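fold the following, please.
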Amino acid sequence: MFGHGAPAVLSVIPDTFTFAWIVAILFATAWLLDSRGLSAGRTLAAATWALFGLFWLSTVPYFAFEHQSYVESILALVGFPASVYAGYLLYDGRASLFTLTRAIAIMLFIYLPFETIPAFTFAGVAVPEPRRILIEIVASQTGALIDLLGYAPEAVTSNEGYEAAYSWTLDDGHTVIIHIVLACTGLGSMAIFGGLVAAVEAPLSRKLRALAVSLPLIYVLNILRTTFISVVAGNQYMHWYPDLVLTMFGATDPYRVSFLISDRIMSQLLAVVALIAITFLAVRELPELAVILEDVLYLITGDEHDLTESLDLPREPTNR
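Purely as a prediction, here's the structure:
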């Protein structure tokens, strides 16, 4: 989001898009085989979980050294053993993990088109790639909110060639350019909730209610986040302890300090808190999500958890 457009997670290593599509297809195939009562589904799912772990391991250098994110680096690093362990548990008989397997497949099928579908022409009309459409919508709404706050940065073209960047000129004449990239759109978080909700078996009405309380909230909070980071970094409002911050992140540009504090520290930590809160709201509308959350907690802690009791959820949800 700062300076130059950071590449998306799935462009970290050569041919990673293909790698991710293979994982999605293999998960979906395992889901289909299992639904038909074939034991090969469990074996394929377990092996694909290990492959998914390798994918996350491959992203660690990017998150740590290029993206300069402690939060995402740690999550990616933990993702490797957690994925391998999930595959082992599934193969060993923890059938409930098939729901999480379905969720991951759906998440990837939601996210990947925005990363991989190019611009094309339909009926003589040029259609831009999905990522451009989403990025420019978020950039436009971020700019509108910045204007409402009384700021007036110059709208410029991003390094991707999109109308998705804002140029701020400081009192010393230095120019700070803030880019809106795909990671700034909230798509990843929305894909997570879309996959979770779609994966569980429940009446459509309750699934729609869960999406209604999660997706709009994620989108609004994300616009607030991009506006906050743009204003703070563009005006250098958090130029605090520059030597310490630059050392922590292995950076050298002093004009990047406000961005690192507002985005890599504050916004990413608050995003984790927000996602936990949104998950709580979604599970109130769709108690079936508790099964997935219990499996995730088991992967993290090694202990069984009864979220239905802890969160006082109905054990036999109505069909409303």
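
all strands of this protein, in order?
Using DSSP state E, the strands of the chain run over residues 120-122, 125-127, 154-156, 165-169, 175-179.

in terms of mean pLDDT, which of those strands ranks lowest?
Lowest mean pLDDT within those: strand 120-122, at a mean of 83.

which other residues reach that strand?
By CB atoms under 8 Å, 6 or more residues apart in numbering, the residues outside strand 120-122 that reach it are 126-127. Bear in mind the C-beta positions are built from the backbone N, C-alpha and C, glycine included.

and if we set it to 10 Å?
126-129 (CB atoms under 10 Å, 6 or more residues apart in numbering).

starting at the chain centroid, how far to that strand?
Relative to its parent chain, strand 120-122 has a centroid offset of 28 Å by CA atoms, centre = their mean, to the nearest Å.

centre of the chain versus stretch 164-171, how much separation?
Worked out by CA atoms, centre = their mean, stretch 164-171 lies 26 Å from the chain centre.

name the residues of it that are buried.
164-166, 168 (16 or more other CB atoms under 10 Å).

make a markdown table from the residues you listed and add distance to Arg206 to it.
Shown next, in a markdown table, are the buried residues of stretch 164-171 (distance: CB to CB, whole Å):
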| residue | distance to Arg206 |
| --- | --- |
| Ala164 | 36 |
| Ala165 | 41 |
| Tyr166 | 40 |
| Trp168 | 45 |
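
quick check: of the residues you listed, which lies closest to Asn222?
Using CB to CB, the shortest approach to Asn222 within the buried residues of stretch 164-171 belongs to Ala164, at 14.2 Å.

let me see the contact set for Val273.
Contacts of Val273 (CB under 10 Å, 6+ apart): none.

per-residue confidence at it?
95.

likewise for Pro254?
So Pro254 comes in at 96 (pLDDT).

ok, back up a step: closest to Ala64 out of the strands of the chain?
So among the strands of the chain, strand 175-179 is nearest, using CB to CB, at 20.8 Å.

would you mark the buried spots in the closest one?
Buried residues in strand 175-179, defined by neighbour count with 16+ other CB under 10 Å: 176-179.

top helix in the protein by residue count?
helix 204-235 (DSSP state H).

which strands and helices lie in contact with that helix?
Contact partners of helix 204-235 among helices and strands, from 3 or more CB pairs under 10 Å, 6 or more residues apart in numbering; DSSP states H and E: helix 130-148, strand 165-169, strand 175-179, helix 187-199, helix 257-259, helix 268-285.

of all the ones you listed, which lies closest to Leu246?
helix 257-259 (6.6 Å).

contacts for the closest one?
With CB under 10 Å, 6+ apart, helix 257-259 has contacts from 1-3, 68, 176, 178, 229-246, 249, 251, 253, 267.

now with 7 Å?
2, 229, 232-233, 236-239, 242, 245-246 (CB atoms under 7 Å, 6 or more residues apart in numbering).

any idea which of those residues has the most stuff around it?
Ala233 (28 neighbours; other CB atoms under 10 Å).

so can I have CSV of the strands of the chain showing distance to Phe80?
Below are these laid out as CSV (distance: least, CB to CB, whole Å):
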stretch, distance to Phe80
strand 120-122, 36
strand 125-127, 37
strand 154-156, 39
strand 165-169, 34
strand 175-179, 29
